[in-house]
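Asks: below is the sequence, then the predicted model.
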Amino acid sequence: MQPAANLNHAAVQVEDDRTGLTPETLKRAFLDNLFYIQGKFPRLATQHDYYMALAYTVRDRLLQRWISTAAAYTEQGSRTVAYLSAEFLMGPQLGHNLVNLGIYDIVQQAVADLGLNLDELMEQEAEPGLGNGGLGRLAACYLDSMATLEVPSLGYGIRYEFGIFRQDIRNGQQVEVTDKWLRLGNPWELPRPEWAVDVKLGGHTEAYTDRSGRYRVRWIPYQVIKGVPYDMPIAGYRTNTCNTLRLWSAQAPEAFDFEIFNSGDYLGAVQDKLSSENLSKVLYPNDNISQGKRLRLAQQIFFVSCSLQDMLRILARQGLALSQFSQKFVIQLNDTHPAVTVAELMRLLMDEHGLSWDAAWDITQRSIAYTNHTLMPEALEKWPVDMFGQLLPRHLEIIYEINHRFLEQVRARFPDDSDRLRRLSLIDESGERYVRMAHLACVGSFSINGVAALHTELLKQDVLKDFYELYPEKFNSKTNGVTPRRFMVLSNPRQTEMLNRTIGDTWVSRLDELKRLEAKAEDPSFQHDWHMIKQANKGDLANYMAKQNGLVINPESLFDVQVKRIHEYKRQHLNVLHIITLYHRLKASPNLEVPPRTFIFGGKAAPGYHVAKLMIRLVNGVAEVINHDPAMRDRLKVVFLRNFNVRLAQRIYPAADLSEQISMAGKEASGTGNMKFALNGAVTIGTLDGANVEIRDEVGAENFFLFGLTAPEVYALKAQGYNPWDYYQGDPELKQALDSILVGTFSRGDGEVFKPLIDSLLNWDPYLLLADYQDYVACQERVGQAFCDRTHWTRMSILNVARMGLFSSDRSIQDYCRDVWRTPAVPIELTDHAQLGETLAV
Ligand SMILES: *Cc1c(COP(=O)(O)O)cnc(C)c1O
C-alpha cells in the first residue's frame with residue numbers, strides 16, 4: 001500500500017521527531033503526505049486529498065503505538081480477548097482517533113493555519129458502516145473501552161466491501177443505495193496478505209485410521225476460499241495501547257485459479273473467483289431477524305475459521321502449546337453469528353492438530369463465552385440441517401456428536417424427561433430439522449450473558465430456561481455501555497467543555513465522576529449555561545434539517561426524538577399515533593396550551609421488511625400533512641432524517657430534549673441509544689424494557705417519564721387473550737387516529753397504502769400498541785407540561801447526565817474482565833524506532 005512511497009523520505013527524517021505532536025511537525029507531515037502519498041500539490045488537491053493526507057498523518061502517530069503494543073503483547077504472551085462479531089459499526093475514524101490521541105485541538109489549529117477546516121475534512125471520510133445497529137455499535141464501543149483500559153484484545157470480523165446500505169427517501173419511501181465505502185481508498189487499514197488462511201466449504205468427509213490406530217476424519221471440500229486480514233488500529237483514550245481490529249476479506253485462492261486456467265476455462269476461472277469474493281461482498285441488512293440464507297452461513301464460518309486459524313498461528317508463534325489455548329485466549333461471541341466457533345475449534349484441534357475429542361472439548365469449553373442479544377424468536381438463528389450439512393459436512397458431524405454426549409448428560413440428570421431432551425437438543429426436530437445456534441453456543445461455552453438486568457432475567461425464565469436449570473453457574477448479566485469519547489467528547493464539544501470547566505476532564509475515562517455535577521443541578525447560572533448549550537446544539541441540528549429536509553425548525557420547540565432501526569417491536573408507529581392524536585386535538589381546540597414540538601425520526605428498515613418500510617412511509621405521510629398545515633405552523637413539525645448512521649447519530653443525540661424508548665416491555669434486550677441520549681442531557685420517555693429499567697433506577701423515577709405495561713403484565717395480557725379491537729372501540733381518540741390513517745389522510749387519499757399496517761394492529765397487534773396507547777398519550781401530556789417549566793426541565797437534564805456514570809462501556813468492559821475474561825491490563829511503553837533499527841542490525 002501507500003506507505004512505500006514515503007519510506008525514503010522517512011529515512012531522511014529519522015533524526016527528526018517524525019511522529020511528533022507539535023503543530024510544526026504535524027503541518028510538515030501533512031504536506032509530505034499530500035505530496036508523497038496523494039501525489040498532489042495544493043492547486044490540484046481536492047478536499048478528499050487533504051482528508052487523506054491528514055488521515056495518514058494521524059495513522060503514522062497511531063502506528064508507533066500500534067507497533068509498541070504488538071511488541072509488548074508478543075514478548076509477554078499476554079492473555080488476550082478475541083472479540084468475534086459479524087458486525088463492527090465503527091463510524092468515522094479521523095475525529096475519534098484525534099480525540100483518543102489527545103491531539104484534536106492541535107490538529108484543528110494546524111489545519112486552520114494551512115487554510116483548511118477540520119470539520120470539512122472529517123466530512124470527507126466514508127463511514128465504515130459494517131453493522132446494522134446496536135449490536136455492531138456495541139462491538140465498536142467495546143473495542144474503544146478495551147484499548148482505553150489497556151486490555152489486550154483482537155476484534156475479529158468481516159471486511160464487507162459494501163456495508164449497510166445508504167438510505168434515500170423518495171416520495172416518502174425508503175430507497176436503498178449501495179454503500180461503496182472503499183471506493184476512494186481506506187487509510188485506516190493495513191492489509192496483511194502474509195497472514196492469509198484458507199477456509200474449506202462443501203464436499204464430504206472420509207473416516208480413516210491413522211498410524212497410531214486412532215479414528216480420524218478427513219474433509220474433502222468442494223471449494224477453498226482464501227481469507228486475507230486487513231488490520232485497523234484501535235487506539236485507547238490517552239494510553240499508549242493501540243489494539244487491532246482484524247477484518248477478513250474473501251478471495252479465490254491462486255492455486256485453484258491456476259488449475260482451471262490450465263484447463264483453458266478462462267471465463268470459468270473468473271466466475272469462480274467472483275463467487276469466492278461474494279463471501280465478504282455485502283453485509284446482510286437485517287437487524288434482529290435471521291434470514292437463513294446459505295451465503296450468510298458461509299460468511300459466518302468464513303470469518304470464524306479465519307479468526308481461529310489466526311489465533312492458533314499466534315499461539316504457535318509465541319511458542320505456546322495447544323493445551324495453553326484457553327490461557328492465552330478468551331473468545332467472546334457477540335451473539336450467535338459466530339457460534340459455529342464451537343464446532344470449528346473442535347475440528348481444528350482434532351482434525352488439523354490431532355487432539356483427542358476430550359482434549360479438544362476441554363479447550364473449547366474453557367475458551368468460549370457467549371453473549372445473547374435478543375429475546376425475539378425470529379432473531380434466534382437456526383439453519384436447516386440439510387443446508388448446514390451441504391456447506392459444513394464435518395461441522396454437522398461434530399455437532400451431532402456434541403449433541404449426543406450432551407443429551408446423555410441431560411438424561412442422567414433428568415431421567416424420563418423426553419420433553420426436556422427435545423427442548424434442549426442442538427437439533428430442532430419439531431418439523432423440518434434445524435441446527436439451533438444459541439443451543440450450540442450455550443453448550444460450548446463457560447459463560448452465557450444477557451446485556452441488561454431485565455434481559456438476563458428473561459433469558460433465565462424463558463428463552464434459555466432449560467439451560468439455566470442445567471447450568472445456573474454459567475449465567476451472568478453485563479449491562480451494555482457506550483463510549484463517552486465518541487458520544488460526548490467528539491459529538492458534543494459544547495457540553496464537554498462545560499463539564500471540563502466544572503469538574504475537570506477526568507470523567508472522560510471515569511464516567512462516575514459526572515456525579516459531581518449533581519451539586520450544580522439547582523444553580524441558576526449553571527442551569528442557564530446548560531440550557532444555552534442545548535439550544536446551540538438544537539440550532540445546529542435545525543440548520544441540518546433545513547438543508548436536508550427544507551424545513552424551518554424552531555430551535556425553541558421540544559425536540560422529541562426517536563432514532564434507531566425501524567422495527568414493529570420498537571413501536572415507531574406508537575409515536576406516530578401520539579402525533580396524530582396531538583394533531584387532532586390542536587385542530588379541534590386551537591387554543592390548547594402545549595409547547596411547540598418537533599418530532600424527529602431516523603432509522604433504516606431492512607429492505608425485505610415491508611411493514612417497517614410502511615412505518616417510514618407513515619412518518620413521512622404524517623409529516624407532509626402536518627408540515628403543510630398553516631394551523632400547525634410554530635406548533636408541530638415532523639421530520640424524518642434520512643440515512644441514520646453513526647455520523648448522523650453524533651449530530652442528533654446532543655440536540656435531543658426527549659428520548660423515545662418505547663419498545664414493548666420484554667423485547668428490547670438493552671438498547672444503547674437510550675444511554676447516548678441521556679448522557680447528552682435528553683430526558684427519557686420509556687417503558688420498563690432493556691436498560692431503561694437501570695437508567696430509571698440511576699437517574700431517579702422523578703427524572704424519567706415512565707409509561708406502559710411491564711414485561712409480566714405483557715405476558716399476563718397475552719395469556720388472558722388480548723383483543724386490540726376492544727381498545728379501538730373503547731377510545732374515541734385512538735379510533736380517530738387509526739381511522740384517519742385508514743381513510744388515506746396521510747397517503748393523499750389512498751385508503752390502501754397503510755391497510756396492512758392498520759389491519760395488523762386491529763387484528764393482532766403483537767406489540768400491544770393499542771394497549772399502551774392511552775398511557776403513552778397521557779405520559780406525553782406530562783412531558784409537555786414539564787418542558788414548559790424550563791428550570792424544572794433543565795434540572796432533570798443535568799441530573800440525567802450526572803447519573804449516567806454506570807453506562808460507560810468502560811464499566812461494561814471492567815465487568816467482563818472481572819467476571820468472565822480474567823484478563824489483566826497490560827500497560828504499554830512506547831518503544832522508539834531507533835531501538836527497533838538496532839534489533840534489525842543485530
Ligand atoms: C446507538 C446506535 C444504535 C442503537 O440504537 P438503539 O436505540 O439502542 O436501538 C443504532 N444505530 C446507530 C448508528 C447508533 O449509533
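Replies: Looks like it arrived, so ask away.

Asks: switch to C-alpha atoms for all contacts and neighbour counts from now on
Replies: OK.

Asks: next, count neighbours for Leu295.
Replies: Around Leu295 there are 13 other residues, counting by other Cα atoms under 10 Å.

Asks: helices or strands next to the helix or strand it falls within in the packing?
Replies: Element membership of Leu295, judged by DSSP states H and E, is helix 294-317. Packed against helix 294-317, as judged by 3 or more Cα pairs under 8 Å, 6 or more residues apart in numbering; DSSP states H and E, are the following elements: strand 153-158, strand 197-201, strand 223-235, helix 325-328, helix 341-347, helix 385-391.

Asks: so which of those is the most surrounded?
Replies: Stretch with highest mean neighbour count among these: strand 153-158 (a mean of 26; mean count of other Cα atoms under 10 Å).

Asks: wait, is Val625 part of a helix?
Replies: Yes - counting by DSSP: H, G, I helix; E, B strand; the rest coil, Val625 is located in a helix.

Asks: from what I can see it touches Phe746, true?
Replies: Yes - taking contacts as Cα atoms under 8 Å, Val625 lies within contact range of Phe746: 6.5 Å.

Asks: and those two? Which one has more around it.
Replies: Neighbours of Val625 and Phe746, each counted by other Cα under 10 Å, are more numerous for Phe746; the result is 24 against 18.

Asks: what sits against the closest residue to the ligand within the stretch 451-600 of the chain?
Replies: Residue of the stretch 451-600 of the chain nearest the ligand, by Cα to the nearest ligand atom: Lys564 (4.5 Å). By Cα atoms under 8 Å, 6 or more residues apart in numbering, Lys564 lies in contact with Gly133, Gly602, Gly603, Lys604, Phe644, Gly673.

Asks: let me see the contact set for the third one.
Replies: Which is Gly603. Going by Cα under 8 Å, 6+ apart, Gly603 touches Val563, Lys564, Arg565, Ile566, Leu641, Arg642, Asn643, Phe644.

Asks: need phi/psi at it.
Replies: Gly603 adopts backbone torsions of phi 150, psi 150, taken as degrees, to the nearest 10.

Asks: how about the second one?
Replies: In this entry, Gly602 is assigned phi and psi values of phi -160, psi 150 (degrees, to the nearest 10).

Asks: pLDDT of the longest helix belonging to the chain, averaged?
Replies: Secondary structure of the chain per DSSP state H: the longest helix is helix 47-76. The pLDDT scores in helix 47-76 average 96.

Asks: what of stretch 474-494?
Replies: 98.

Asks: check whether it comes near the ligand.
Replies: No - on the criterion Cα under 6 Å from any ligand atom, stretch 474-494 is out of touch with the ligand, staying 8.1 Å away.

Asks: returning to that earlier point: which among the contacts of Gly603 end up buried?
Replies: The neighbour-count criterion (16 or more other Cα atoms under 10 Å) marks Val563, Lys564, Arg565, Ile566, Leu641, Arg642, Asn643, Phe644 among those as buried.

Asks: so of these, which ones are in helices?
Replies: Using DSSP H, none of the buried ones among the contacts of Gly603 sit in helices.

Asks: could those go into TSV alongside distance to Ser280 and pLDDT?
Replies: Converted to TSV, the buried ones among the contacts of Gly603 look like this (distance: Cα to Cα, whole Å; pLDDT from 0 to 100):
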residue	distance to Ser280	pLDDT
Val563	28	98
Lys564	25	98
Arg565	23	98
Ile566	25	98
Leu641	29	98
Arg642	26	98
Asn643	23	98
Phe644	23	98
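
Asks: what about Met498, how many residues nearby?
Replies: Residues near Met498, counting by other Cα under 10 Å, number 16.

Asks: and the host helix or strand of it, which residues are buried?
Replies: According to DSSP H and E, Met498 maps onto helix 493-503. Using 16+ other Cα under 10 Å as the burial criterion, the residues of helix 493-503 that qualify are Arg494, Gln495, Thr496, Met498, Leu499.

Asks: how far away is the first one from Ile448?
Replies: If I follow you right, that is Arg494. 40 Å (Cα to Cα, to the nearest Å).

Asks: please apply the same query to the second one.
Replies: With distances taken as Cα to Cα, Gln495 is found 37 Å from Ile448.

Asks: also the last one?
Replies: Taking Cα to Cα as the measure, Leu499 falls 37 Å from Ile448.

Asks: neighbours around Asn554, how many?
Replies: By other Cα under 10 Å, the residues close to Asn554 number 19.

Asks: that one: what's it in contact with?
Replies: Ala542, Thr598, Asp634.

Asks: what pLDDT does it get?
Replies: For Asn554, pLDDT reads 98.

Asks: rewinding a little: kindly reformat the helices and strands packed on helix 294-317 as CSV containing mean pLDDT.
Replies: Below are the helices and strands packed on helix 294-317 laid out as CSV (pLDDT from 0 to 100):
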stretch, mean pLDDT
strand 153-158, 98
strand 197-201, 97
strand 223-235, 97
helix 325-328, 98
helix 341-347, 99
helix 385-391, 97
